[in-house]
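Asker: have a look at this prediction, sequence included:
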Amino acid sequence: MLSTIELPVWLFVLILAFAAVTFASHFLFPSVRWFFRRRMERAVAELNKRLERPIQPFKLMRRQDMIVRLIYDPQVMEAVVEHAQAEGVPESVAFQTARRYAREIVPSFSAATYFGPAIRFARGLSRGLYKVRLGHHDEDVLRGLDRRAAVVFVMNHRSNMDYVLVTYLAAERSALSYAVGEWARIWPLQGLIRSMGAYFIRRRYRSPLYRRVLARYVQMATHEGVTQAIFPEGGLSLDGRVGPARKGLLHYIVSNFDPEDGRDVIFIPVALNYDRVLEDRVLLAAAASGERRFRARIGAMVRFVGRTLWQRLRGRFRRFGYAGVSFGEPLSLEAFMRSDPGARTDALASTLMARIRAAMPVLPVPLVAAVLARADGPVPTAAVTAQAEGWVAAFRAAGCQVHLPDGDVGLAVREGLEALAIRRIVGEGIGGWRVVPGEEAVLAFYAASIGHLVDAVAAL
């Protein structure tokens, strides 16, 4: 027992390495994880005191625990059996497929990341690029919502800046869990976005097993009261209008809703509009080609970022006008279903999209674009202002959200015309302002964002 054993140096080093790994994995790492977990729990408890919608325990579950809970859900297991029978594969193979889907979908929320660098980045980027304006249907109504209810922000999709802008503006209310598409599943965005609580979805993937796994995750999150944010249009608007809703995520929520459960679901319509959509020409190119493929060139993006940074360093950068966000009238799913027991997801989707359109913010560039897009020829500045003043008076009388510099229509028209002229979308010539040949689609893109409001005013 006490005899000496000679070992080669390499073997001795290997034994020490295995011992160190064993000590770390069995003693050190669990203690460190427990220490940081306790600190995180205390920080979240303090954070929940100032949030309107506290962060739910489900959102704070360890990602691996959430994946296990999802894949062993009875409905998912039933879908696994059906998938195995339909595809003629062993159930173990189908189960591994479901596990892969779950690992792809389930987020890994970090409160420190979300309310730390993520919120600061969202605030800095939003304020750096735009003059941000926020409007409410009724602030007292929003603050008085049932705190037990699951809140779902339902938004139109104008730009990829939507994620950044709404994250910043909703920071005092809660931590939002976004449904994001395949575009975000690239390194290094994937880890960051997942740590912010977002879950990935394959919008055009038709596998019944995948759809069941996704549906159960959405239903679990809703049942546990997680605050979510969804874009029912299913993608960015290619023509500037608020499009019809794709009812997938809404259907998942409605189909699992039980009015007797005690937890209501409240949908808050959110309307977003911009004086400049950063990817407007990319979207119009996709619309012209008939394919929803955004062929944004990396070189063009790098040049844009570099030019913007250079202008900021030289003090010559001008923000891209206004970015407006308006919260519309909330809709209680319980009240909606009790008022019309036979109502389906179609009716709910139509109601929500109508409320988003009604809450659409009116900004200087869309206002000026709407005037020029409906003109038959050149329009003098005075005529643009007169038409805009008439519309704005009607908008305000109807309760629409109007965001203009100092509330002055004349100043808004000047800023709107200048912004469009700098980008060579419109030009001033003999007889007044007219669209530059070849830029008609860009002008129509911005006019379309408030076209439904203008039509309503014209009808009156």
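Answerer: Cool, the structure landed.

Asker: got the contact list for Leu333?
Answerer: Counting by C-beta atoms under 8 Å, 6 or more residues apart in numbering, Leu333 makes contact with Ile253, Val254, Phe257, Asp264, Val265, Ile266, Phe267, Leu348. Where C-beta positions appear, they are placed from N, C-alpha and C, glycine not excepted.

Asker: ok, and the most crowded of those?
Answerer: Neighbour counts for these (other C-beta atoms under 10 Å) peak at Phe267, which has 26 neighbours.

Asker: quick check: buried residues in the helix or strand hosting Ala98?
Answerer: Taking DSSP states H and E as the definition, one finds Ala98 inside helix 91-105. Applying a neighbour-count criterion of 16 or more other C-beta atoms under 10 Å, one finds Ala94, Phe95, Thr97, Ala98, Arg99, Tyr101, Ala102, Glu104, Ile105 buried in helix 91-105.

Asker: lowest-confidence entry in the contacts of Leu333?
Answerer: On pLDDT alone, Phe257 ranks lowest of these, at 86.

Asker: nearest residue to the middle of the chain?
Answerer: Tyr163 (3.9 Å; C-alpha atoms, centre = their mean).

Asker: phi and psi next, for Glu233.
Answerer: phi -70, psi -20 (degrees, to the nearest 10).

Asker: look at stretch 242-253 and report the distance between its end residues.
Answerer: 22 Å (C-alpha to C-alpha, to the nearest Å).

Asker: whoops, stretch 101-116 was the one
Answerer: By C-alpha to C-alpha, one end of stretch 101-116 lies 29 Å from the other end.

Asker: any low-confidence regions in the stretch 101-250 of the chain?
Answerer: 136-142, 182-192 (pLDDT under 70).

Asker: and stretch 451-460, what's buried?
Answerer: Gly451, Leu453, Val454, Ala456, Val457.

Asker: now for the residues you listed, which pair is the farthest apart?
Answerer: The distance between the two most remote of these (C-beta to C-beta) is 10.7 Å, for Gly451 and Val457.

Asker: roughly how far apart are Glu91 and Asp261?
Answerer: According to C-beta to C-beta, to the nearest Å, Glu91 stands 31 Å off from Asp261.

Asker: show me the buried residues of stretch 451-460 that map onto helices.
Answerer: Gly451, Leu453, Val454, Ala456, Val457 (DSSP state H).

Asker: just put those in CSV and tack on pLDDT and distance to Pro405.
Answerer: Output for those, formatted as CSV (pLDDT from 0 to 100; distance: C-beta to C-beta, whole Å):
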residue, pLDDT, distance to Pro405
Gly451, 93, 22
Leu453, 94, 19
Val454, 92, 20
Ala456, 87, 24
Val457, 79, 21
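
Asker: does Pro269 belong to a helix, a strand or coil?
Answerer: Under DSSP: H, G, I helix; E, B strand; the rest coil, the three-state class of Pro269 is strand.

Asker: neighbours around it, how many?
Answerer: Pro269, neighbours per other C-beta under 10 Å, totals 24.

Asker: can you show me the helices along the stretch 301-450 of the chain?
Answerer: Taking DSSP state H, counting those that start in this stretch to define them, one finds helices in the stretch 301-450 of the chain at 333-339, 345-358, 364-373, 381-397, 409-422, 440-448.
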